[in-house]
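Asks: Predicted model and sequence below, questions to follow.
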Amino acid sequence: MAVAGGPDAVTALRAAIRAAPDKDVRAWMGGLLKSPETASLAVRGAGMLGDRTIVHWLLHQMRNPALAVAAGAALLELFPEAREADLFTTEPSQAGKVFEDHFGDDGAKVPFADKVKEWMKAKELLT
């Protein structure tokens, strides 16, 4: 159900991550990353693992318009306090031309990767 998408995909993803051994979940998500159709689901799920060591990887994903929204959601899973910071926009054009081209007029919640990086440094979450 998680891979099929739909309104319950995130709930199904969370249930799958909690139910399976960590090693199996990571292997499954690695497979999801290989396909453009499921990569964003894997990025979203990465935050649900609770492993804060993935922050550099998440920052990299935030620079890819196709994965940025999922990477932002994963960030908020790992660092709920980031909701209070000004790290996101609902106007993708503010994140750059490639984001504007990807999202068009859609009001996606896109993280500003550079702002996220600076916020993490200020919180001593990045070295």
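Replies: That came through, no problem. Numbering: from 1, shown residues only.
Asks: My read is that Arg44 contacts Arg14, right?
Replies: No: counting by Cβ atoms under 8 Å, Arg44 does not reach Arg14; the two are 9.6 Å apart. For glycine as for every other residue, the C-beta is placed from the backbone atoms N, C-alpha and C.
Asks: Who has more neighbours out of those two?
Replies: The neighbour comparison of Arg44 against Arg14 (other Cβ atoms under 10 Å) goes to Arg44, with 25 against 15.
Asks: Now do the same for the more buried one: helix, strand or coil?
Replies: State at Arg44, reduced to three classes by DSSP: H, G, I helix; E, B strand; the rest coil: helix.
Asks: give the contact list for it.
Replies: Listed by Cβ atoms under 8 Å, 6 or more residues apart in numbering, the contact partners of Arg44 are Val10, Leu13, Ala70, Ala73, Ala74.
Asks: And Arg14, by the same measure?
Replies: Met48.
Asks: how about the strands in this protein?
Replies: 88-89, 110-111 (DSSP state E).
Asks: So for Asp51, which of those sits nearest?
Replies: Asp51 lies closest to strand 110-111 among these, at 18.4 Å (Cβ to Cβ).
Asks: partners of the closest one in the sheet?
Replies: strand 88-89 (antiparallel) (DSSP bridges).
Asks: buried ones in stretch 48-61?
Replies: Under the neighbour-count criterion of 16 or more other Cβ atoms under 10 Å, stretch 48-61 has Met48, Leu49, Ile54, Val55, Leu58, Leu59, Gln61 buried.
Asks: got the contact list for the longest helix along the chain?
Replies: Secondary structure of the chain per DSSP state H: the longest helix is helix 65-78. Outside helix 65-78, the residues within contact range by Cβ under 8 Å, 6+ apart are 36, 39-41, 43-48, 50-52, 54-55, 58-59, 61-62, 64, 82-83, 87-88, 92, 95, 98-99, 101-103, 108-111, 113, 116.
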